[in-house]
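1. okay, predicted coordinates and the sequence, questions at the end:
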Protein chains: 2
Amino acid sequence: MSDLSPSLADPLKEANEPSSLVARFGPDTPLLMDCGVSLDHWQIAYQTYGSLNAARSNAILVCHALTGDQHLASRNPITGKGGWWTAMIGPGKPIDTERFFVICSNVIGGCTGTTGPASTNAATGKPWGLQFPVVTIRDMVRAQRHLIDSLGIESLFCAAGGSMGGMQVLQWAASYPERVFSALPLATGAKHSAQNIAFHEVGRQAVMADPDWRGGRYLEEGTRPAKGLSVARMGAHITYLSEPALHRKFGRKLQDREAPTFSFDADFQVESYLRYQGVSFVERFDANSYLYMTRAMDYFDLADDHGGVLAKAFAGTKTRFCVASFTSDWLFPTADSRAIVHALNAAGASVSFVELESDKGHDAFLLEEPNLFATTRGFIGAAARARGI
Amino acid sequence: MSDLSPSLADPLKEANEPSSLVARFGPDTPLLMDCGVSLDHWQIAYQTYGSLNAARSNAILVCHALTGDQHLASRNPITGKGGWWTAMIGPGKPIDTERFFVICSNVIGGCTGTTGPASTNAATGKPWGLQFPVVTIRDMVRAQRHLIDSLGIESLFCAAGGSMGGMQVLQWAASYPERVFSALPLATGAKHSAQNIAFHEVGRQAVMADPDWRGGRYLEEGTRPAKGLSVARMGAHITYLSEPALHRKFGRKLQDREAPTFSFDADFQVESYLRYQGVSFVERFDANSYLYMTRAMDYFDLADDHGGVLAKAFAGTKTRFCVASFTSDWLFPTADSRAIVHALNAAGASVSFVELESDKGHDAFLLEEPNLFATTRGFIGAAARARGI
């Protein structure tokens, strides 16, 4: 391990490096960031599945969501669980690793092997903390482009992802249109709404309110803002589900008891479930990274880089798009996807759009959704034929 | 001030008692609570507007919402601002204080003069804190009934309120049908949904995560869980608004700056607004009371007291109901009001129902909504004619 390897807090110490590939970049390939900082020692941790063909034309980049990681379709060494998109990716699956070379990298600012606020700042020998430059979605994509360059891939067959991953997909198509043959942005938007910024701000304030956060220097000081991060996750988790899904799963059912206890215990199953979500999240995620990821999403407004006209972000694009939303997703409602589709149409792009019926809320893109699988399989198959794969 | 007067934390110390009426109850009128506790020293702080007529038939009880108080239509001594429903209540207003005697009391468990967790427990001489019995909506209504008894009012002309206030209105109609001539439950439900319980639980965990909460003993220990309570309020506040309202008011507008700062400052106006909501709330509300109020709403399920059949809660009722919801209220969506109306219809009750067009979300019931005012004026006027007032 070089001295650039991430220095992570306790439960994250079993870093992913041993089981992840790592691309390291030095001063000859600095990462020029939107905030004006140039990172000249940085790395990306990533996973690949399947094989790159001789023409190097079958690479699919999957971009992960807010708290995702590179462990797409294989065991996650931190949680011990399977990858986060095993339902979608694997041999014979909608994104078929027998046909495609699938790459997933931890984003810049992340906490599972890619350089982020928990990594050591080579200039000080200490964890970056809040001294780490604030990251944008475009920075994430710039970093991925360096990775793709280093893998010798000129053009991605497809960029795919949901939520923050979908934002990266849109940014890829806007920043490097000639390098993305097809794009599959799911359950996402071309900008973050006021309500979504508001929810993120509550989460950040929950983290920062925890005295163990120590102004972001908790790694140096040997503490962890576990309670604050847990509260942040609990609140965010509600927004990933739908009211019907919560009603179906939990309703007002009590937890292991016949009657309410008239106390502040977790009487209701939904309380117990949320507490578990909070506690287990803290075991796998760095609190400062959470601040950086939420901030990147808040700052995202693709039209803003193009005079407020989203269609201009896609002017002259040859990329083939498939945009999908879910009926019960209130974090990125269908209206957000329609705005993307309208802009793509105005730009003369090839785009298909589907609103998928689901009561599972925003998280539907991660779950067993046969309609999503069918849509993905169809889109990928047609694009592969068009590319002659 | 008797030794039963509430002992409140710093900014709340300018208690409302001097400017509020207070009804005190002793061992001869204990408050029998759902949790099994009998409070034998307790008090209610309240305000009245207008005059009780000779027949004592023109009393309207207004029930306040989660963080409301008795300062309905007159200056609030803590905030220095006007009452929370001055738009609705006053001379010539929809609830006309020249015709009606309007009463509003702080609920049991509250923090503006009525006995609650910040009050002194006579048995120990210390603030109750979490030793205060857990309160239900039915307990709030029981306490109000004692107040109405003490005022010599046999039958309320109307019980009115929104959100948690609407829950109390429904409970009044169910518990004491012969004492409520008409009922106006607004933006409410007959039970709290799983999603709403979930949001409340996040708020409670935010308070309890604050080390200054001290297991609920912060008043004794001279601390205040201001950060935790502020985070709780920020999260809750989002649920009181609608996405369209947040978009209209703030969108992605930056706060006093031309470009993002690439930091965790409140770059966006919506962040600054939310932070202000959090900070100002802490100045007027007791953290433990917040736990108790949210818990009372979570426990509310009127059908549950009647074998799961809501209509049975209103069997044989003579009360005239008007139920109203708002199109953009996602905390208590119209479906919740419809469920109330269906039950009232099944019970053979007199009920009118209106879904009001508004983009202001749940808080619409507190705001300048001409359609709500017209609905209220019409309902109250017709009911007054029916009662011969």
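-> Cool, got the structure.

2. ok, the closest residue to A:Met33 other than its chain neighbours - contacts?
-> Nearest non-adjacent residue to A:Met33, counting by C-beta to C-beta, 6 or more residues apart in numbering or on different chains: A:Asp139, 4.8 Å away. Any C-beta I mention is one placed from the backbone N, CA and C, and that applies to glycine too. Residues in contact with A:Asp139 (C-beta atoms under 8 Å, 6 or more residues apart in numbering or on different chains) are A:Leu31, A:Met33, A:Asp34, A:Ile108, A:Gly109, A:Ala296.

3. ok, the residues you listed vs chain B, which is closest?
-> Nearest to chain B among the contacts of A:Asp139, counting by C-beta to the nearest C-beta, is A:Asp34 at 7.3 Å.

4. kindly state the beta-bridge partners for A:Leu32.
-> Per DSSP bridges, the residues bridged to A:Leu32 are A:Ser38.

5. and for it, the neighbour number?
-> 12 (other C-beta atoms under 10 Å in any protein chain shown).

6. distance from the chain centre to stretch A:53-69, please.
-> 12 Å (C-alpha atoms, centre = their mean, to the nearest Å).

7. pLDDT on that stretch, on average?
-> Stretch A:53-69 carries an average pLDDT of 98.

8. okay, how far is it across that stretch, tip to tip?
-> Using C-alpha to C-alpha, to the nearest Å, the end-to-end distance of stretch A:53-69 comes to 25 Å.

9. buried residues, that stretch. List them.
-> A:57-69 (16 or more other C-beta atoms under 10 Å in any protein chain shown).

10. what's the closest of those to A:Thr223?
-> A:Thr223 lies nearest to A:Thr67 out of those, by C-beta to C-beta, at 21.0 Å.

11. now the closest one: how far from chain B?
-> To chain B, A:Thr67 is 17 Å away according to C-beta to the nearest C-beta, to the nearest Å.

12. same thing with A:Ala384?
-> 37 Å.

13. compute the number of surrounding residues for the closest residue to A:Thr188 other than its chain neighbours.
-> Closest residue to A:Thr188 apart from its sequence neighbours, by C-beta to C-beta, 6+ apart: A:Gly166 at 2.6 Å. By other C-beta under 10 Å, the residues close to A:Gly166 number 31.

14. now do A:Lys81
-> Residues near A:Lys81, counting by other C-beta under 10 Å, number 11.

15. next SSE downstream of the helix or strand containing A:Val202?
-> For A:Val202, the host element (DSSP states H and E) is helix A:194-209. Going down the chain from helix A:194-209, the next helix or strand is helix A:218-221, by DSSP H and E.

16. what is the mean pLDDT for that next one?
-> Across helix A:218-221, pLDDT averages out at 97.

17. which strands or helices does it pack on?
-> Judged by 3 or more C-beta pairs under 8 Å, 6 or more residues apart in numbering or on different chains; DSSP states H and E, the packing partners of helix A:218-221 are strand A:126-127.

18. contacts only, for the closest residue to A:Met293 other than its chain neighbours.
-> Spatial nearest neighbour of A:Met293, excluding adjacent residues (C-beta to C-beta, 6+ apart): A:Leu66 at 5.0 Å. Residues counted as contacts of A:Leu66 (C-beta under 8 Å, 6+ apart) are A:Ser163, A:Met164, A:Ala236, A:Met293, A:Thr294, A:Met297.

19. can you classify the residue nearest to A:Thr188 by secondary structure?
-> With DSSP: H, G, I helix; E, B strand; the rest coil as the basis, A:Gly166 sits in helix.

20. which parts of the stretch 1-150 of chain A are strands?
-> In the stretch 1-150 of chain A, the segments counted as strands under DSSP state E, counting those that start in this stretch are A:21-25, A:31-32, A:38-39, A:42-49, A:59-62, A:89-90, A:95-96, A:101-105, A:120-121, A:126-127.

21. for the record, mean pLDDT for the last one?
-> Confidence over strand A:126-127, taken as the mean pLDDT, stands at 97.

22. can you check the pLDDT for the residue nearest to A:Met33?
-> pLDDT recorded at A:Asp139 is 98.

23. what about the helix holding A:Val202, near chain B?
-> Yes. On the criterion C-beta under 8 Å from any C-beta of the partner chain, helix A:194-209 is in touch with chain B at A:Ala194, A:Gln195, A:Ile197, A:Ala198, A:Phe199, A:Glu201, A:Val202, A:Arg204, A:Gln205, A:Ala206, A:Met208, A:Ala209.

24. again with stretch A:243-251
-> Yes. On the criterion C-beta under 8 Å from any C-beta, stretch A:243-251 is in touch with chain B at A:Glu243, A:Leu246, A:His247, A:Lys249, A:Phe250, A:Gly251.

25. can you lay out those residues as TSV showing neighbour count, pLDDT and distance to B:Leu372?
-> Below are the residues of stretch A:243-251 next to chain B laid out as TSV (neighbours: other C-beta atoms under 10 Å in any protein chain shown; pLDDT from 0 to 100; distance: C-beta to C-beta, whole Å):
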residue	neighbour count	pLDDT	distance to B:Leu372
A:Glu243	21	95	24
A:Leu246	22	96	29
A:His247	15	95	28
A:Lys249	14	95	34
A:Phe250	23	96	32
A:Gly251	14	96	30
